[in-house]
Each structure stands twice: as C-alpha cells, then as structure tokens.
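Colleague: give me the fold of what follows.
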Amino acid sequence: MGRFHPDVEPHHLDIDIDEHESAYVVGDVHGCPEPLDRLLSTLEITDDDLVVFVGDLVRKGPDSAGVVERVRDADNMFSVRGNNEEKLLRGDKSLASLSDDDLAWIESLPVAITVGENLIVHGGVDPRKPLAEHTIDDLQNTRSLAPGGSYDPPYWYEEYAGPPRVFFGHTVLDEPVRSEWAVGLDTGCVYGGALTAYDLRAETITAVPALRGGVERSDAKIVDVAELG
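Modeller: Numbers count the residues shown, from 1 in each chain. Have a look, this model is predicted:
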C-alpha cells in the first residue's frame, strides 16, 4: 500500500478486519445522532461488528456532542478526523456543546485508517502524486482537480486508479460514488439527504433518509453523480 507521509504516519490506524464479524464504513454524520441511531439499528450493529466513519462527525447538525458521545463510547467504532474536526482544533470554529474531553478525543483521532486493503480518509487522494506525498491537509480536503475549483470537475475520484481502494466523505453527493477504486459516502445527511453505510464484506450499500429539512445548501455544491464522467 506504500508508506504515508511522515506527518501522517503517526495519525494512521490499521484495523484487522478479521477481528470483526461485519465491517462498515459510514458517511459524514455532521452532528445528526437521530439518523445515525436509525442506521446502526437498520444494520443491526453488535459489539462484534466494526464501524468506521469518514470524518465530519461534528458541526452543522443539531447535536454534535451526542454524536461524539455515541462514537467515543463504543469500542467497535472509529473515525478519521475530518476538516470540520480540524476547524475546531485550530480554533477557526467552536461548539459550546463540546467539552474539553470531547476536543481531546477529537484531537486523538487518526487522519487515515486502513482496514484490510481499504483506506479510509475524509477528503481523498490526489492521483497525480503518490500516497507518501500526501499531507494531513491533502487527505482531509482533496476534492476537485481543477485549478482553484472546490466543486468544479474533474474530481479526484474520477481520475484515481488505485490501489488502495479509498473510502471518503467531504464531497456532498446526491447518491454514493462507487467505482473499483473509490467509494464516496457523504450523501448530505445534514442537508436533508441520507446517511449512508458501505458493507466491506458484502460490498453493499445501506442508507437511511435524514427525515428532516436539513441545513440549506446550494445545488452547485451537491454533486450529481449521474453526470460524472
């Protein structure tokens, strides 16, 4: 799979999938514990199963502290640190509902998680350079390959040809991206979309609707997956 950047390696977690009955990767929760609870119930998660989140557990939704508590208190749940967690740690954003213990836990989160041959990051990887050259910022924020384009195609996952297979969030999608080497799972839960999980063993997708109006977001910042090249 190749070595990580020296700044990333201390923030990399390797999980043995064989130690778990089932294994799932879940998209951006963004402070929405209610659809998270429904998704975990739908999947019939037990303590023997593994659940890995692509980051952005917090911000924008109604109860970031509730989401942090659910994930932190579960021995079988792990998350990478997304750009919204990073904003809290940098002091760019703040959440009064989060305690110092919550922030310390967020700071302890890895930036990259490997489960078998799968790599879970928040933003993505740039296919124009090797994984070992990716910084923490790269893994958290990579989206568009267009100069200066946040939501301008082409997106990194349209050009990426692996390995490893990369699971990511960060880019809001109207439906999951699923290709041989990239799986995108941020289906806009906090914007009134859905919360999505990928079963690593069965290679199936399960989604639950947000069931709330959600935070407003421009259509220009929600990728129409059907229009991708």
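
Colleague: need the phi and psi values for the residue nearest to Gly116 when sequence neighbours are not counted.
Modeller: Of all residues not flanking Gly116 in the chain, Ile17 sits nearest, at 4.6 Å (C-beta to C-beta, 6 or more residues apart in numbering). Any C-beta I mention is one placed from the backbone N, CA and C, and that applies to glycine too. Dihedral pair for Ile17: phi -60, psi -30, per degrees, to the nearest 10.

Colleague: this structure: strands as residue ranges?
Modeller: 12-15, 23-26, 50-53, 77-79, 112-115, 118-120, 165-168, 177-178, 182-184, 194-199, 204-209 (DSSP state E).

Colleague: from the centre of this protein, point out the most distant residue.
Modeller: The C-alpha centroid of the chain is most remote from Pro147, which lies 23.7 Å away (C-alpha atoms, centre = their mean).

Colleague: could you find the closest non-adjacent residue to the residue nearest the centre of the chain?
Modeller: Geometric centre of the chain, nearest residue: Val54, 1.8 Å, by C-alpha atoms, centre = their mean. With sequence-adjacent residues excluded and distances taken as C-beta to C-beta, 6+ apart, Val54 is closest to Gly169, at 3.6 Å.

Colleague: please look at that neighbour and Gly55 and confirm they touch.
Modeller: Yes - with contact defined as C-beta atoms under 8 Å, Gly169 and Gly55 form a contacting pair (5.8 Å).

Colleague: shared neighbours, these two?
Modeller: Common neighbours of Gly169 and Gly55, using C-beta atoms under 8 Å, 6 or more residues apart in numbering, are Asp28, Gly82, His122.
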